[in-house]
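Coordinates only, no sequence provided:
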């Protein structure tokens, strides 16, 4: 679980396994696999760091979990 902060300052925890996407536009939106969405105070880079740390600490060494990779996309495509 990773800790996040709502815009009103209240903190809550989300299972990092269920995060589908994180986007700052400029508010940071966290979308879960079930479609629920949260707007949080943390920047997207900070949340990604927390997710990576979660995955580093989760499970025994050598587990069958695939490695996590940060993918940064650009929606502006030139054709």
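Now that the structure is in, tell me what you want to look at. Because the structure is predicted, anything quoted here is derived from the model rather than measured. Numbers count the residues shown, from 1 in each chain.

what ranges do the strands span in this structure?
In the chain, strands defined by DSSP state E lie at 2-5, 11-14, 19-24, 28-32, 37-40, listed in chain order.

which residues sit against the lowest-mean-pLDDT helix or strand in the chain?
When the helices and strands of the chain are scored by mean pLDDT, DSSP states H and E, helix 44-57 comes last with a mean of 92. The contact list for helix 44-57 (C-beta atoms under 8 Å, 6 or more residues apart in numbering) reads 1-4, 16, 19, 22-24, 28, 30, 40, 42, 65, 68, 70. All C-beta spots, glycine's among them, are computed from the backbone N, C-alpha and C.

Now the buried members of the residues you listed.
Among those, those buried by neighbour count (16 or more other C-beta atoms under 10 Å) are 2, 4, 16, 19, 22, 28, 30, 40, 42.

Now the second one: closest residue in space, sequence neighbours ignored.
Spelled out, that is residue 4. Closest residue to residue 4 apart from its sequence neighbours, by C-beta to C-beta, 6 or more residues apart in numbering: residue 40 at 4.5 Å.

What of the third one?
Sequence neighbours aside, residue 54 is the residue nearest to residue 16 in space, at 4.2 Å (criterion: C-beta to C-beta, 6+ apart).

neighbours around the one you found, how many?
16 (other C-beta atoms under 10 Å).

Excluding covalently adjacent residues, which one is nearest to residue 41?
That would be residue 5: by C-beta to C-beta, 6+ apart, it lies 4.3 Å from residue 41.

so who does that neighbour touch?
11, 40-42.

re the thing from before, switch the strands of the chain over to CSV; also include distance to residue 50.
Converted to CSV, the strands of the chain look like this (distance: least, C-beta to C-beta, whole Å):
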stretch, distance to residue 50
strand 2-5, 4
strand 11-14, 10
strand 19-24, 10
strand 28-32, 11
strand 37-40, 11
